[in-house]
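> Provided below for reference: sequence and predicted model.
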Amino acid sequence: MKKYMKGLIKVDSKMFKYFSCFFLLAIIQLNSCKGTAQSSLQETNHTGMELILNENYSGFEQEEYLLIKNQKELNAFYGKINRTRKPGLTPPSIDFSTEMILIWCGDSTASNYADLELNEKADYLQVHKLKATASKEENTFIVSPFSMYKLPLSTKTLKIMK
């Protein structure tokens, strides 16, 4: 009986070791994925403008700036960019009572994301396109990149400086 109990204890301790190793590896893997995704998307500048998304295809033929102040407009934009995506992108969760979205859509010849700067003037918001930053992958595919920024809600008009 003692031999049988020792055998069971040996098997149980091996199982415990294997389970512990597997559990630690799973936790490490999950934490490493979260850290990469958060650091590559969130950038904030001094005016409260926060970059929330950079993607390679917007479906727009010409450069455009969109100021979105409600969920219906945001859903319409995502409807357009998700026409050719399977699975489609999910719209971010935005509180439109305190925030709004600024989207820059590049034309079909653009291969880089835009770096935008927002300056608040007395009666308008001035958006200045600085330099274009390199996209994640340099390739010869036809893309029309877009960048999405979250801003504090304002009733001021938007002026684009190129």
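That came in fine, so what should we check first?
> For the host helix or strand of residue 104, which helices and strands make contact with it?
Assessed by DSSP states H and E, residue 104 sits inside strand 99-105. Other elements packing on strand 99-105 under the criterion 3 or more CB pairs under 8 Å, 6 or more residues apart in numbering; DSSP states H and E are strand 64-68, strand 112-120, strand 146-152. Quick note: C-beta positions are derived from backbone N, CA and C, even for glycine.
> deepest of those, which one?
Highest mean neighbour count among the helices and strands packed on strand 99-105 (mean count of other CB atoms under 10 Å): strand 146-152, with a mean of 20.
> ok, the helix or strand following that strand: who's next to it in the sheet?
Helices and strands here follow DSSP H and E; after strand 146-152, the next one along the chain is strand 157-161. Partners of strand 157-161 in the sheet, by DSSP bridges, are strand 124-134 (parallel).
> For residue 86, which three-state class applies?
Secondary structure, DSSP: H, G, I helix; E, B strand; the rest coil: residue 86 is coil.
> what's around it, how many residues?
6 (other CB atoms under 10 Å).
> Domain boundaries for this structure, per the record?
Domain ranges of the chain: 1-41, 42-161, per automatic domain parsing.
> among the ones you listed, which gets the worst mean confidence?
Here these differ in mean pLDDT, and the lowest is domain 1-41 at a mean of 58.
> For residue 76, what are phi and psi?
Residue 76 adopts backbone torsions of phi -60, psi -40, taken as degrees, to the nearest 10.
> Please report how far it lies from residue 85.
As judged by CB to CB, to the nearest Å, residue 76 and residue 85 stand 15 Å apart.
> what does residue 71 give?
Relative to residue 85, and taking CB to CB, residue 71 is found at 20 Å.
> Equivalent analysis for residue 96, please.
With the distance defined as CB to CB, residue 96 ends up 24 Å from residue 85.
> do residue 66 as well
In terms of CB to CB, residue 66 sits 18 Å off from residue 85.
> Check residue 116 too.
Residue 116 sits 24 Å away from residue 85, taking CB to CB as the criterion.
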